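In: let's see this in three dimensions:
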Amino acid sequence: MARRRFRKFVEYSWGVVRPSEPFLPNWHIDAMAEHLQAVADHQIQYLVINIPPGHAKSIIVAVQFPAWLWLKDPAYQLICATYAHKLTVRDAATMLGAITGIDEEDRATLDSRERSYTDYTQFLKSDGLRGARIGVVRQRFGFHEGVDKVMESALDALKREGAILVDPANIETSGKFGDSEFIVLLYELKADLNAYLARLDPNARVKTLKDIIDFNEKNREKEMPYFGQDTFIKAEEKGPLTSQEYLDALSKNHHLARKEGIDATMDKNNLDALIAPTGGPAWIVDHVNGDYFGGGSSTAAAVAGYPNITVPAGFISGLPVGISFFGRAWSEPVLIRLAFAFEQTTKIRKAPRFFPHVEI
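Out: Below is the predicted model of the structure:
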């Protein structure tokens, strides 16, 4: 019920996000939950909530609502801003505790039993960098001069706080599982999207990936005036998740990204974590270059299914650049400790702003 109804999730997760405060049901909480549920169900597009401070608006809207959306669909992308500059590692740790748990419908969560926590804020240590051995994945640098300068400043900050840097600590299998990664993406895109669509209202206009492809083709002038749907078509051609091609590709990914990748690098250098630039400054997507991605470091952890946390490291022409802390399976407590300590010592984060143009 908590997965389907946001109001139930608010009550269910309250003891995690606010363990020192009892949950006090009230009409205003019901009203906020009802309207946010309508946003999630695409019944309303815009919502402004205006109530006095101290009525749980921030925790419900900025912590519990995103956590609930990610429980329903991890692919949701959200932008949260706050006048108080407090959406930080602490909030991420609080939210992680709210969404962590065993979901019998999600096999990937079963292994987390006795390996996860309902309160990750206990790992927030301002001196958490002292003595930590951190590997610098230097092969993920070099795609942007400005990013390299930001990262060098970040490395200096880590050393000042007592971290022991192993530089370089490269992942030797990096770049060797791109093809198998895409194969897995195609199979899982079809399987997961079809499973999601099957749960929609019986009156939904689309029930399968094939329905979406057909809809796009029938409305090509509106839906695809500048691009096609090649990935959808390739995914639709794939079979079930029992297909040998999928099983072989998934096994290759896990072997190269886990055992021979992140795990091997950390074992070899006796590391607590790895760091690298999260990515470059935001770029413009246009009709010529498309999604003009420059570089980043998310692939290894994403393919391995390992934790990764990013923290602001600096700015380039007013655009934020992050540093990623990632490591082996179940290392969330360590990564939160390191990221929080870096965040507290650097104080780099600024409240989001919307510029008409970049700062030159």
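
In: and Cys80, that one's in a helix?
Out: No: counting by DSSP: H, G, I helix; E, B strand; the rest coil, Cys80 is not part of a helix but coil.

In: so how many other residues sit close to it?
Out: Other residues lying near Cys80 total 14 when counted by other C-beta atoms under 10 Å. Glycine gets a C-beta too; all of them are placed from N, C-alpha and C.

In: what pLDDT is listed against the residue of the chain most remote from its centre?
Out: In the chain, the residue that sits farthest from the middle, by C-alpha atoms, centre = their mean, is Lys218; the gap is 33.7 Å. Model confidence at Lys218, expressed as pLDDT, equals 96.

In: what residues are up against it?
Out: Applying C-beta atoms under 8 Å, 6 or more residues apart in numbering, we find Lys218 in contact with no residue.

In: same for the lengthiest helix in the chain, what does it pack against?
Out: Counting residues, the longest helix found in the chain (DSSP state H) is helix 178-197. Applying 3 or more C-beta pairs under 8 Å, 6 or more residues apart in numbering; DSSP states H and E, one finds that helix 178-197 makes contact with helix 209-218, helix 230-236, helix 244-254.

In: report the mean confidence score over it.
Out: So the average pLDDT for helix 178-197 ends up being 95.

In: that helix vs helix 244-254, what angle?
Out: 120 degrees (axes from the mean of the first three to the mean of the last three C-alpha atoms, to 10 degrees).

In: pull out the buried residues from helix 178-197.
Out: Neighbour-count burial for helix 178-197 flags Ser180, Glu181, Ile183, Val184, Leu185, Leu186, Tyr187, Leu189, Lys190, Ala191, Leu193, Asn194 (criterion: 16 or more other C-beta atoms under 10 Å).

In: then stretch 31-45?
Out: Met32, Ala33, Leu36, Gln37.

In: ranges for the helices of the chain?
Out: 6-17, 27-40, 57-58, 65-72, 89-99, 145-160, 178-197, 209-218, 220-223, 230-236, 244-254, 263-269, 299-304, 332-346.

In: JSON lines for those helices, including distance to Ser126?
Out: Formatted as JSON lines, the helices of the chain follow (distance: least, C-beta to C-beta, whole Å):
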{"stretch": "helix 6-17", "distance to Ser126": "21"}
{"stretch": "helix 27-40", "distance to Ser126": "33"}
{"stretch": "helix 57-58", "distance to Ser126": "23"}
{"stretch": "helix 65-72", "distance to Ser126": "25"}
{"stretch": "helix 89-99", "distance to Ser126": "11"}
{"stretch": "helix 145-160", "distance to Ser126": "13"}
{"stretch": "helix 178-197", "distance to Ser126": "37"}
{"stretch": "helix 209-218", "distance to Ser126": "48"}
{"stretch": "helix 220-223", "distance to Ser126": "50"}
{"stretch": "helix 230-236", "distance to Ser126": "44"}
{"stretch": "helix 244-254", "distance to Ser126": "35"}
{"stretch": "helix 263-269", "distance to Ser126": "24"}
{"stretch": "helix 299-304", "distance to Ser126": "25"}
{"stretch": "helix 332-346", "distance to Ser126": "5"}
